[in-house]
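In: What follows is a predicted structure for the sequence shown.
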Amino acid sequence: MSLRTLRERWVPFLGTFVIIAAGVTQVAALNLTMAATGRDPAFDGVVNILAMTMMVTTFVSVFVIASTFAFSVAQRQREFALLRTLGSGPRRIAVVVYGEALLVAGAAGALGCVLAQPAATALLALLHGIGMVPAAPPVRYEAAALVLALGTGVTVSLAGVWGPARRIRRIKPIEALREASVDARAMTPGRWVLGLGCAAMSALAGWALPEATGDGVPALTMGLGMSAIVAMGFLSPVVIPPLAAALTWPLGGLPGGGAMVVRAGMSAAVRRTASLCAPVLLTVGLFGIAIGLVSVVNGVAARAMAEWTSAEFTVTATGGGGLSADQVARLRALPGAQVAVVREAEIGMGGAAHVVRVVDPEDAAALIDPPAEEGDFAALGADGVAVDAATAGEYGWGAGDEVRLRLPDGERVRARVAAVLAEGPYTPVTYVAAPLLAGHGGGTATAPYAYVGTGGGAQAAAGHRADGAVAGTGAAGGDLEERLEAAVDADTARTDPVGAIEPGREENNRMVLLIGAVLLGMALFCSCVAIANTLVMSTADRVRDFAALRLAGADRAQVLRLVAGEAVAVVGIGAFLGTAVTAMTLVPLAAAMGEGPAGVALSMPWWQLGVMTGVCAVIAVAAAVVPAAFATRTSPVQALGARE
């Protein structure tokens, strides 16, 4: 019977099939990519990013697949009531529903597993093309990765129909005659328990944020955001009626009753509206959280670094080649300017390769003083290294220890650990004294940035900059900034007040944004397909509603405008909820990371959220209006008499 139902209702199941196939493909492709790169230590950095992406992609796939299946089953209440009338028991109907889910998920999951290897190969080729990975290793089909992805797809699909299947026993045979689509009770006890439970998990993650450090901050923030999205999805029926009224209120003065019909339809069928809003909530919320997370973390890192430097500006290379020798010479030639050039080199420490910052001890001591757990950065000297806390902990090093380093030309030397630098919200860095590398390849090391000051410090720079902006007087700080910009080529370097950016991270941030766009785009593709699929399913199920409107006096164009208005209203509610989730996630993040002098003001990514909302609106309107246009081609009398 499940197979026969699929043959007869293949159109609504087609979208579900595509969503499951896409979700399984993404999860399996990331599994295969991590397996291919995890065998090579050169890929350690990208594996961490892929692991984070794996968490987000799995969440999106689970959310989308479960909500799509739940919506699909919930639409068929009259069909199940008719089966009850014909003598089928709730258990038998539930078996049919589970069979449909198993067949669709199994077939879609199998297709996703087949597509996983080409998708993983294409992903690695793309990462290699943008310079994120050193090479594109071959990707092999691996049984464990494919079984995990397939099992996830099937399990989530069955879990998605579990709730609606349990509600089948409450469907009475008489409901086969029901014409209205009014929800008697949108919030069930299960929704309350799950919604409040996920809200409690979000609160717990927010409480733990101040204690998180390093890579734990993004992971915990995404966990907070994802649990908040799920909580909002479960609890959304509570707020949909007032939101629908608020959205349609400005249109109440227009001629006609379109706004009233939209508001009444959304408020009456609250559960259907919540299902339609869910993928928009997911898309806007996840996108806003990701963008805001990068902004807040970068801002906190920049402010924190500004606290331990007396420099007023940073000059940063905008290309991959670093500051040229000529640019460095022109910076040093500026009257009254103190310059500390920071170079990058790869050396061996503890048997592994590490990228370190190479500085002149005297120049660095004059302008920067990173906080240390042990020792003193100012004691770097000609033979010292200042090691970040993670590296020191990994190798058991402490201040005053003598360690062996492998220099860029292969020469091995002994160095003294002058300091173990404290952890902070900024990128952990190990500094090496430039004299150690003299004659061993240190002179050719890339110089990504330089600190420049006059002795006034970061606060003076900020004050000078503000004075210049208001009065245009060209104060000392503004003078120095202008001279710095004149000394370097604006096309290859940029000048920023200390605290505006985290120096040396621009190229890395560019890579993170590129890889984030690629990998987050994979996840958001699923949610955008879900937006289209749910709107198509909902519109195709309302042929009789459209016919009734036309018999009541509405022409075809008015019906299509009404459908478009409902789609826009659904996107508006989903976007509002997604923006609320973004704020609920970023506010505790900014508060947690803003404790102390490195505090940053919360900046919501408004225009990015607006763009994503616009994309969702375009998809939703097209997905609703096109099937409605086909559905209204026949006469309303024929549509009302058609077999469902």
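Out: Received it, and whenever you're ready, just let me know what you need.
In: What's the mean pLDDT across the helix ranked longest in the chain?
Out: Longest helix in the chain by number of residues, with DSSP state H as the criterion: helix 90-129. Averaging pLDDT along helix 90-129 yields 88.
In: Show me what counts as buried in that helix.
Out: For helix 90-129, a neighbour-count test (16 or more other Cβ atoms under 10 Å) marks 90, 93-94, 96-98, 100-101, 103-105, 108-109, 111-113, 115-117, 119-121, 123-124, 126-127 as buried. C-beta coordinates here come from the backbone N, C-alpha and C atoms, glycine included.
In: For whichever helix or strand comes after it, name the packing helices and strands.
Out: Moving toward the C-terminus from helix 90-129, the next helix or strand (DSSP states H and E) is helix 143-167. The contact analysis (3 or more Cβ pairs under 8 Å, 6 or more residues apart in numbering; DSSP states H and E) places helix 143-167 against helix 10-37, helix 44-74, helix 90-129.
In: orientation of helix 143-167 relative to helix 10-37 in degrees?
Out: For helix 143-167 against helix 10-37, the angle by axes from the mean of the first three to the mean of the last three Cα atoms, to 10 degrees is 150 degrees.
In: tell me which residues in helix 143-167 are buried?
Out: Across helix 143-167, burial judged by 16+ other Cβ under 10 Å covers 145-146, 148-150, 152-154, 156-158, 160-165, 167.
In: Mind jotting down where the strands sit in the chain?
Out: Taking DSSP state E, the strands of the chain run over residues 313-317, 338-349, 352-359, 372-375, 384-388, 402-406, 412-421, 431-433, 446-453, 493-497.
In: Could you verify my assumption that residue 561 touches residue 261?
Out: No: judged on Cβ atoms under 8 Å, residue 561 makes no contact with residue 261 at a distance of 10.7 Å.
In: Look at those two and report which has more neighbours.
Out: Ranked by neighbour count (other Cβ atoms under 10 Å), residue 561 and residue 261 place residue 261 first, with 18 against 15.
In: ok, and the closest non-adjacent residue to the more buried one?
Out: residue 562 (6.1 Å; Cβ to Cβ, 6 or more residues apart in numbering).
In: For residue 378, give its distance to residue 386.
Out: 10 Å (Cβ to Cβ, to the nearest Å).
In: Ok, residue 62 next?
Out: From residue 62 to residue 386 the distance is 44 Å (Cβ to Cβ).
In: Between those two, point out the one with more neighbours.
Out: Per other Cβ under 10 Å, whichever of residue 62 and residue 386 has more neighbours is residue 386, with 28 against 21.
In: so what's that one bridging to?
Out: Judged by DSSP bridges, the bridge partners of residue 386 are residue 419, residue 431.
In: if I read this right, it contacts residue 371, doesn't it?
Out: No: at 10.8 Å, residue 386 does not count as touching residue 371 under the criterion of Cβ under 8 Å.
In: Now do the shared contacts for the two.
Out: residue 421 (Cβ atoms under 8 Å, 6 or more residues apart in numbering).
In: returning to that earlier point: make JSON lines out of the helices and strands packed on helix 143-167 and add distance to residue 284.
Out: Converted to JSON lines, the helices and strands packed on helix 143-167 look like this (distance: least, Cβ to Cβ, whole Å):
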{"stretch": "helix 10-37", "distance to residue 284": "18"}
{"stretch": "helix 44-74", "distance to residue 284": "13"}
{"stretch": "helix 90-129", "distance to residue 284": "25"}
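In: Looking at those helices, which is nearest to residue 399?
Out: helix 44-74 (26.8 Å; Cβ to Cβ).
In: Can I get the strands of the chain in CSV including mean pLDDT and distance to residue 291?
Out: Below are the strands of the chain laid out as CSV (pLDDT from 0 to 100; distance: least, Cβ to Cβ, whole Å):
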stretch, mean pLDDT, distance to residue 291
strand 313-317, 89, 22
strand 338-349, 90, 28
strand 352-359, 88, 27
strand 372-375, 92, 33
strand 384-388, 94, 28
strand 402-406, 92, 40
strand 412-421, 93, 30
strand 431-433, 94, 32
strand 446-453, 88, 25
strand 493-497, 87, 21
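In: Minimum distance to residue 629: which of the ones you listed has it?
Out: strand 493-497 (51.4 Å).
In: list the helices and strands the closest one packs on?
Out: Packing partners of strand 493-497 (3+ Cβ pairs under 8 Å, 6+ apart): strand 313-317, helix 457-471, helix 476-487.
In: which one of those has the lowest average pLDDT?
Out: Going by mean pLDDT, the lowest-scoring of the helices and strands packed on strand 493-497 is helix 457-471, which has a mean of 40.
In: least trustworthy helix or strand in the chain by mean pLDDT?
Out: Here the helix or strand of the chain ranked lowest by mean pLDDT, DSSP states H and E is helix 457-471, holding a mean of 40.
In: how is this structure carved up into domains?
Out: Annotated domains of the chain cover 1-178, 240-307+508-644, 308-506 [automatic domain parsing].
In: got those domains as JSON lines, with distance to residue 219 columns?
Out: Shown next, in JSON lines, are the domains of the chain (distance: least, Cβ to Cβ, whole Å):
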{"stretch": "domain 1-178", "distance to residue 219": "6"}
{"stretch": "domain 240-307+508-644", "distance to residue 219": "10"}
{"stretch": "domain 308-506", "distance to residue 219": "15"}
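In: mind checking which of those domains is nearest residue 195?
Out: Closest of the domains of the chain to residue 195 is domain 240-307+508-644, at 11.0 Å (criterion: Cβ to Cβ).
In: I'd say residue 588 and residue 225 touch.
Out: No: in this structure, residue 588 is not within contact of residue 225 by Cβ under 8 Å, at 10.3 Å.
In: the more surrounded of those two?
Out: Between residue 588 and residue 225, residue 225 has the larger neighbour count (other Cβ under 10 Å), namely 27 against 21.
In: could you measure the more buried one against residue 289, distance?
Out: Where residue 289 is concerned, residue 225 sits at a distance of 4 Å (Cβ to Cβ).
In: just residue 235 next, same as before
Out: To residue 289, residue 235 is 18 Å away according to Cβ to Cβ.
In: Counting neighbours, go ahead and name the busier of those two.
Out: residue 289 (27 against 19).
In: May I have the residues that are in contact with that one?
Out: Contact partners of residue 289, counting by Cβ under 8 Å, 6+ apart, are 221, 222, 225, 581, 582, 585, 586.
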